[in-house]
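Student: Structural data only, the sequence is not supplied:
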């Protein structure tokens, strides 16, 4: 059995590839942005730095079998669109909420990566004074930015009024915050949160 | 078609009954504690009072069909144990986290309603200064209490050391906070949160 330095088996990473259709793998590490964020959140959790979890994928269950003497089996179900962002939790008492997306583009970030429900949720969180942002990865460039939700909301509004359908990378460089990638944790986004909010 | 005053059809409530095995229905309204909390959270969300959502049930997906020209169908999946509580969100910038449970008992609340992962999560949230509690319903008595997590954590620790396996109702009455049930919202738990934290 082949293992990565972190103990993850080669096989497990392979399964992740096929499962995460449309999720691009960056830098040939066999790891997705989601994997890296999960590891980052585990790092924060283990050290009592923050409690942030990815929400389960919402599923519409249609048919379940309850066999005797074994676990219930879902026999028919469908993926539902999430009504919120994927990640939320608590950091120093404050509410933290974010979505993570990646693009292969090099000069802009397409807004089609987000959907209406997520945008609406972020807008609600901002109104409640939650800390709300997106983590934007330019996978071809290996650059990851923390970009506060209120910037994204402006671009989204603009698009709805007929404006452009992507955020120019220059704007993300200017208004966003480059996250220096590390080994442990891989995507230390709380460093930026500290600078911005504490 | 028979409808409840809120527009919910009788049939739909029936489906909820069978779906929520082991969840007792209180006061013959055909509504579960979960239904009432979802309506309460919708009420808060619609009025920009708070953003609180129930997390989706975590599912382990084993087999998915991707038919041409129609939505992906999950053909085999299993229920996973949640690693967190069911509800979280933001209220006035603060992180809010809770679990809701009900019992038919009249004199105590059985601790077996909770599992280790949830307790551990609540303990982590308390350490991060999040607002963390459980909503305990005595369905036979139609009484609902907000009971702060740190009380529950003490009883849990006690049980692990061989202590009693339920919380006496008297303790819940003394340390917890009775939520006066209403029509809109049905379970106005933020009133208690206001008194305790703001």
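Tutor: Cool, got the structure. Keep in mind it's a predicted model, so treat the numbers as computed, not measured.
Student: tell me the centre residue of chain A?
Tutor: For chain A, residue A:100 is the residue whose C-alpha lies nearest the centre (Cα atoms, centre = their mean; 2.5 Å).
Student: For that residue, what is the enclosing helix or strand?
Tutor: strand A:94-103 (DSSP states H and E).
Student: Mind checking if stretch A:51-62 is in reach of chain B?
Tutor: Yes: counting by Cβ under 8 Å from any Cβ of the partner chain, contacts between stretch A:51-62 and chain B involve A:51, A:53, A:55-59. Any C-beta I mention is one placed from the backbone N, CA and C, and that applies to glycine too.
Student: Put the buried members of those into a PyMOL selection.
Tutor: Selection of buried members from the residues of stretch A:51-62 next to chain B for PyMOL, criterion 16 or more other Cβ atoms under 10 Å in any protein chain shown:
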select buried, chain A and resi 51+53+55+56+58+59
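Student: All the strands of chain A, residue numbers only.
Tutor: Taking DSSP state E as the criterion, chain A contains strands spanning A:51-54, A:59-65, A:73-79, A:87-91, A:94-103, A:108-110, A:131-138, A:143-148, A:166-168, A:177-178.
Student: so which of those strands comes closest to residue B:65?
Tutor: Shortest separation from residue B:65 across these is recorded for strand A:73-79, at 9.9 Å, computed as Cβ to Cβ.
Student: Could you pull up the mean pLDDT of that closest one?
Tutor: The average of the pLDDT scores along strand A:73-79 is 96.
Student: Give the buried residues for that strand.
Tutor: A:73-77.
Student: Quick check: which ranges of chain A have low pLDDT?
Tutor: Counting by pLDDT under 70, the low-confidence segments of chain A come to A:1-30.
Student: Return the residue of it that is most distant from the centre.
Tutor: residue A:68 (38.8 Å).
Student: re earlier: how about a markdown table for the strands of chain A, with distance to residue B:144 added?
Tutor: Written out in a markdown table, the entries for those read as follows (distance: least, Cβ to Cβ, whole Å):
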| stretch | distance to residue B:144 |
| --- | --- |
| strand A:51-54 | 26 |
| strand A:59-65 | 27 |
| strand A:73-79 | 31 |
| strand A:87-91 | 24 |
| strand A:94-103 | 24 |
| strand A:108-110 | 45 |
| strand A:131-138 | 31 |
| strand A:143-148 | 38 |
| strand A:166-168 | 45 |
| strand A:177-178 | 43 |
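Student: which one of those strands lies closest to residue B:34?
Tutor: Between residue B:34 and the strands of chain A, the tightest spacing by Cβ to Cβ is seen for strand A:59-65, at 14.7 Å.
Student: Okay, angle between the closest one and strand B:73-79 too, please.
Tutor: Orientation note: strand A:59-65 sits at an angle of 80 degrees relative to strand B:73-79 (axes from the mean of the first three to the mean of the last three Cα atoms, to 10 degrees).
Student: if we can go back for a sec, among the buried residues of strand A:73-79, which are in reach of chain B?
Tutor: Among the buried residues of strand A:73-79, the residues within reach of chain B (Cβ under 8 Å from any Cβ) are A:73-77.
Student: Which member of those is positioned nearest residue A:95?
Tutor: For those, the residue nearest residue A:95 by Cβ to Cβ is residue A:77; the value is 30.2 Å.
Student: quick one, what contacts the closest one?
Tutor: When the contact criterion is Cβ atoms under 8 Å, 6 or more residues apart in numbering or on different chains, the partners of residue A:77 are A:59-63, B:59, B:73-74, B:77.
Student: next one: residue A:100
Tutor: A:33-34, A:37, A:86-87, A:134-137.
Student: and if you look at residue A:148?
Tutor: Taking Cβ under 8 Å, 6+ apart, we find residue A:148 in contact with A:132-133, A:175-176, A:196.
Student: what do you get if the cut-off is 6 Å, keeping everything else the same?
Tutor: Contacts for residue A:148 were tallied using Cβ atoms under 6 Å, 6 or more residues apart in numbering or on different chains; they are residue A:133.
Student: and it, what are its bridge partners?
Tutor: Using DSSP bridges, the bridge partners assigned to residue A:148 are residue A:133.
Student: Quick check: it vs chain B, distance?
Tutor: Using Cβ to the nearest Cβ, to the nearest Å, one obtains 15 Å as the distance from residue A:148 to chain B.
Student: what's the answer for residue A:32, then?
Tutor: If you measure residue A:32 against chain B using Cβ to the nearest Cβ, the figure is 16 Å.
Student: how many neighbours does that residue have?
Tutor: The number of residues packed around residue A:32, counting by other Cβ atoms under 10 Å in any protein chain shown, is 22.
Student: Backbone dihedrals for it, please?
Tutor: Backbone geometry at residue A:32, expressed as degrees, to the nearest 10, gives phi -100, psi 170.
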